[in-house]
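Undergrad: Give me coordinates for this.
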Amino acid sequence: MHKDLSRILLSEQELDETITRIAAELDRDYAGEEHRLVLVCILKGSVVFMGELMKKITIPVEIDFMRVSSYGNGTETTGHINIILDLLRKDLDKSDILIVEDIIDSGRTLAHLSQYLTLKGARSVRTCTLLDKPSRREVDFTADYVGKVIPDEFVVGYGLDYDEKYRALPYVGILKPEIYSN
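TA: Numbering: from 1, shown residues only. The predicted structure is shown next:
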């Protein structure tokens with residue numbers, strides 16, 4: 001375990017089992033030629049999760065990327081969503097978009113992106129998150145696919161960061177408060 005963590009919240013094995021379950025749900029729900037599944041990774045934190053998820057999905061799948069920002073000082077959301085890298089597809093009206101996110105806190109980002117991509121003309125828009133903190137929800141939003149519901153702790157690893165650190169940890173751990181409260 002990394003010295004800056006108080007404990008491991010989700011082990012490599014637990015993450016693998018969770019992602020395998022989500023992939024099976026997606027295979028079931030998007031089976032059939034009428035679907036054109038496009039995984040839209042929200043950069044940067046979701047890239048590890050999406051990479052593992054797409055390897056476990058057995059149906060045809062495409063990928064794309066968006067980058068948004070809603071954080072100010074690194075630990076608190078500003079409440080304002082900035083789209084830094086937009087989804088530009090000519091076939092959006094034929095695409096079943098699955099927004100892939102690493103973690104949901106306030107719910108503002110995914111609620112905004114879901115509405116935004118629907119208004120842009122996507123055939124369908126659903127959401128998938130590896131981690132969910134419903135205790136921090138500020139808007140009425142529930143993801144369509146949820147890996148694990150977690151407590152209101154500051155977590156890092158498996159793509160999640162604090163100040164661009166800890167992303168490469170192969171598990172999800174709880175960061176010690178003294179690391180981010182200075």
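Undergrad: just checking, next helix/strand downstream of the lowest-mean-pLDDT helix or strand in the chain?
TA: Taking mean pLDDT, DSSP states H and E as the measure, strand 77-85 is the helix or strand of the chain with the lowest mean score, a mean of 79. Counting by DSSP states H and E, the next helix or strand C-terminal to strand 77-85 is strand 96-104.
Undergrad: Sheet-wise, list the partners of that following strand with their directions.
TA: With DSSP bridges as the test, strand 96-104 is paired with strand 37-43 (parallel), strand 124-132 (parallel).
Undergrad: out of those strands, which comes closest to Asp91?
TA: Of all the strands paired with strand 96-104, it is strand 37-43 that lies closest to Asp91, at 8.7 Å by Cβ to Cβ. Every C-beta, even on glycine, is put in place using the N, C-alpha and C of the backbone.
Undergrad: Export the strands paired with strand 96-104 to TSV and append columns for mean pLDDT.
TA: As requested, the strands paired with strand 96-104 are exported to TSV (pLDDT from 0 to 100):
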stretch	mean pLDDT
strand 37-43	97
strand 124-132	98
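Undergrad: For Glu138, find the nearest of those.
TA: So among those, strand 124-132 is nearest, using Cβ to Cβ, at 13.6 Å.
Undergrad: So what's the gap between that closest one and the chain middle?
TA: Distance of strand 124-132 from its chain centroid, counting by Cα atoms, centre = their mean, to the nearest Å, is 7 Å.
Undergrad: ditto for stretch 104-123
TA: The chain centre lies 12 Å from the centre of stretch 104-123; the measure is Cα atoms, centre = their mean.
Undergrad: Buried by neighbour count: which residues of that stretch qualify?
TA: Judged by neighbour count using 16 or more other Cβ atoms under 10 Å, the buried positions of stretch 104-123 are 104-114, 116-117, 122-123.
Undergrad: can you map out the strands along this structure?
TA: Ranges of strands in the chain, per DSSP state E, are 5-10, 37-43, 62-71, 77-85, 96-104, 124-132, 145-149, 155-156, 172-175.
Undergrad: and these as JSON lines, adding distance to Glu164?
TA: Compiled in JSON lines, the strands of the chain are given as follows (distance: least, Cβ to Cβ, whole Å):
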{"stretch": "strand 5-10", "distance to Glu164": "17"}
{"stretch": "strand 37-43", "distance to Glu164": "13"}
{"stretch": "strand 62-71", "distance to Glu164": "12"}
{"stretch": "strand 77-85", "distance to Glu164": "15"}
{"stretch": "strand 96-104", "distance to Glu164": "14"}
{"stretch": "strand 124-132", "distance to Glu164": "19"}
{"stretch": "strand 145-149", "distance to Glu164": "23"}
{"stretch": "strand 155-156", "distance to Glu164": "11"}
{"stretch": "strand 172-175", "distance to Glu164": "13"}
